[in-house]
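Asker: build me a model from this:
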Amino acid sequence: MNIKLNLVKGVYVLSLFFSLPIVAQAAKEQDVTVSIAAESYGKMPLMLSPLGQEAQDLAMLVDLAKHDLSWSGQFDISVEHAMTVLTKKELFAYASRGFPLVLFIQRESDGKSFVWRLYDTTQALMIKGKRLIKKGPDARMWAHELADMLWPVLTGQEGFFTTKIAYCKEVKCKRKRPNKYLCVADYDGSNEVVQVPTVVVAPRWGKNGLLFYSECTNSNIRLKYIDAQGKTHIASNFDGLNMLPSFSQDGTISVYCASRGNGSSQLYYCAPGVFKQLTHNDGNNVSPSLTADGKKVYFCSDYAKGKPAIYCMDIDSGAINEIISSGLCPYYSDKVHKLVYIKHVQGVGQLFIYDCSSGSTEQLTFDTFSKDECSWSSCGNYIVYSTGCLPKSRIAMFNVWSRQRYWVTSDTAVCTYPALSQANVAGSTQSLGILIL
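Answerer: Okay, the predicted model is just below:
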């Protein structure tokens, strides 16, 4: 393997066999950046080295962190134990073996935290180091947090690994029709937990980890949410349906769907001291996606043409403009200023993105399985969606840059309505604000 790392005006440039650019941002006193330019396809070698006396919690952290960093397909992780941080000569030896980066992880003597240090082996230089404090007994969460710390240093992108996925899972019940349970799992589908064992649809994440969903009752479809303590509360309980809330960045503004017993679904706006109906037509207005500042909402409606199209409403003026003539399930990302949506091509639902700045569109998927209910990750690098032909459906993740697909749920489970949380979710009712009706 040909590895080259040179310092040019405070920036390290590393060339090797690798599939994607990586930008590592410096640490400590030096403003150093490592940028890796792809010459051909492969994975970035990374040595992960636990330091000092072996301990069970350190071993678990290393094993889980290896999984997280390997998951994207960008890194080829090896693990070698060491008693102390290596000398310059030993670091140079790692470089000659094809490991331009070594990550040391050491358990603190008090057992309450770990310290990690990332080294450039070609220069025997520490790029960055930081302390990781144990937050709770779950080693998975330590590892996800560690990966989130490292990801900006290794790739120049936001961390993603503390993200949660909520979705509905069909569960067979004896002598009854299957129920759709609300489940939450880690970003990769592991550690699945059933949150609500009843008939639910369309989960959506609020701010600070609040999880909203719609529950089917004998008289309506009401909107509820789960708080930080796992308790459920009613958010909107009008006649008819109450579904699909979307929130501004600070959580003080929301838009959601409600029929209020009148048949068609309309959009409603909630802000401190304000509750008003946004749409007034005979169509079905669904899938609202609010911009971060709460000034615009993208949504799907059939009111103008009798078939679904995607529109943008300026909330202050009430002006509505069609932006996509045929599309479903729009979801806006403030990070990349783009919509992801579903469009049928030769009868198959495919993922598309719409650039809100240029107005251009791009088709992302081309396989033979229909897609449904898509949403962005908070970092803007991944899209989660459900796919398959009913009665079969599973959750998948799509990497926008590498165009790789990752399966989140198994092919034996029937799962729908996926939604991604922000990274580092921490349940709180402080940002719930106004959507309690």
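Asker: where along the stretch 1-150 of the chain do the strands fall?
Answerer: 4-8, 11-17, 22-25, 33-40, 44-51, 75-79, 101-107, 113-120, 125-133 (DSSP state E, counting those that start in this stretch).
Asker: for His344, which residues are in contact?
Answerer: 326, 350, 370 (Cβ atoms under 8 Å, 6 or more residues apart in numbering). Using the backbone N, CA and C atoms, a C-beta is placed for each residue, glycine as well.
Asker: mind doing that once more with 7 Å?
Answerer: With Cβ atoms under 7 Å, 6 or more residues apart in numbering as the criterion, no residue contacts His344.
Asker: same question for Tyr417.
Answerer: Contacts of Tyr417 by Cβ under 7 Å, 6+ apart are 167-168, 201-203, 373, 386.
Asker: tell me the buried residues within those.
Answerer: 167-168, 201-203, 373, 386 (16 or more other Cβ atoms under 10 Å).
Asker: in JSON lines: the residues you listed, plus secondary structure.
Answerer: Below are the buried ones among the contacts of Tyr417 laid out as JSON lines (DSSP: H, G, I helix; E, B strand; the rest coil):
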{"residue": "Tyr167", "secondary structure": "strand"}
{"residue": "Cys168", "secondary structure": "strand"}
{"residue": "Val201", "secondary structure": "strand"}
{"residue": "Ala202", "secondary structure": "strand"}
{"residue": "Pro203", "secondary structure": "strand"}
{"residue": "Glu373", "secondary structure": "strand"}
{"residue": "Ser386", "secondary structure": "strand"}
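Asker: closest to Ile315 out of these?
Answerer: Closest approach between the buried ones among the contacts of Tyr417 and Ile315, by Cβ to Cβ: Ala202, at 22.0 Å.
Asker: so that closest one sits right up against Leu244, yeah?
Answerer: Yes: under the criterion of Cβ atoms under 7 Å, Ala202 makes contact with Leu244 at 5.5 Å.
Asker: with His337 as the reference, measure out to the residue most central in space within the chain.
Answerer: The chain has Ser377 as the residue nearest its centroid, 3.0 Å off, counting by Cα atoms, centre = their mean. To His337, Ser377 is 15 Å away according to Cβ to Cβ, to the nearest Å.
Asker: for Leu154, helix, strand, or coil?
Answerer: Applying three-state DSSP: Leu154 is helix.
Asker: pLDDT score assigned to it?
Answerer: Looking at Leu154, its pLDDT is 91.
Asker: kindly check the end-to-end length of stretch 183-190 for me.
Answerer: 11 Å (Cα to Cα, to the nearest Å).
Asker: would you mark the buried spots in that stretch?
Answerer: For stretch 183-190, using 16+ other Cβ under 10 Å, the buried residues are 183-189.
Asker: show me these that map onto strands.
Answerer: 183-186 (DSSP state E).
Asker: of all these, which comes closest to Ser113?
Answerer: Nearest member of these to Ser113, counting by Cβ to Cβ, is Asp186, at 22.0 Å.
Asker: got any ranges where the stretch 251-400 of the chain has weak pLDDT?
Answerer: 390 (pLDDT under 70).
Asker: now swap in the stretch 51-200 of the chain and tell me
Answerer: Ranges of the stretch 51-200 of the chain meeting pLDDT under 70: 175.
Asker: and the strands in the stretch 151-300 of the chain?
Answerer: 164-173, 176-186, 193-196, 200-205, 211-216, 220-226, 232-236, 240-247, 254-258, 266-271, 274-277, 285-290, 296-301.
Asker: thought Arg222 was touching Phe238?
Answerer: No: Arg222 is beyond contact range of Phe238, at 8.1 Å (criterion: Cβ under 7 Å).
Asker: so for these two, which sits in the more crowded spot?
Answerer: Using other Cβ atoms under 10 Å as the criterion, Arg222 and Phe238 rank with Arg222 on top: 20 against 17.
Asker: for the ones in strands among the buried residues of stretch 183-190, which one is nearest Gly294?
Answerer: For those, the nearest to Gly294 is Val184 (26.1 Å; Cβ to Cβ).
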